[in-house]
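Peer 1: Build the 3D model from these lines:
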Amino acid sequence: MARQHARRMTTTALRVPTGLCSPRAETYARKVSDFMQQHVYGAAEAAVWEHAMGPNRWQIPPIIEEFKAKAKRQGLWNLWMAPYLD
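Peer 2: Modelled structure (predicted):
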């Protein structure tokens, strides 16, 4: 099941609604979509599957921490949180 989910991740892109959200929300949606396309889809499939079968499967995979750090650098981490709280 995890493998099927990972395979779906590689083909699913975030659809950015136009005119339904504020311009700021549309900008963030595009940035998140681009981030997912560039860093997550594809890279996550093999790494997460391999990690899930290993001895450290109950720990956060190292690649997730890398994604988190990249997202933070691009201002895409905890979008619902006020900037002064992070």
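Peer 1: Look up how far Trp49 lies from Ala69.
Peer 2: Ala69 is 21 Å from Trp49, where distance means CB to CB, to the nearest Å. Every residue, glycine included, has its C-beta placed from N, CA and C.
Peer 1: Between those two, tell me which one has more neighbours.
Peer 2: More crowded of Ala69 and Trp49, by other CB atoms under 10 Å: Trp49, with 16 against 11.
Peer 1: tell me which element that one falls in.
Peer 2: Using DSSP states H and E, Trp49 maps to helix 43-52.
Peer 1: Repeat that for Leu76.
Peer 2: Secondary structure from DSSP H and E places Leu76 outside every helix and strand.
Peer 1: Distance from the helix holding Trp49 to the middle of the chain?
Peer 2: 14 Å (CA atoms, centre = their mean, to the nearest Å).
Peer 1: name the helices or strands packed onto that helix?
Peer 2: Packing partners of helix 43-52 (3 or more CB pairs under 8 Å, 6 or more residues apart in numbering; DSSP states H and E): helix 2-11, helix 62-73.
Peer 1: and those, which one is worst for confidence?
Peer 2: Ranked by mean pLDDT, the helices and strands packed on helix 43-52 end with helix 2-11 at the bottom, a mean of 46.
Peer 1: which regions of the protein lie under the pLDDT threshold?
Peer 2: Residue ranges of the chain with pLDDT under 70: 1-17, 81-86.
Peer 1: what about Leu79, helix or strand, and which?
Peer 2: Here Leu79 is covered by no helix or strand, with elements defined by DSSP H and E.
Peer 1: That one - nearest residue in space that isn't next to it in sequence?
Peer 2: Spatial nearest neighbour of Leu79, chain neighbours left out: Tyr28 (6.0 Å); criterion: CB to CB, 6 or more residues apart in numbering.
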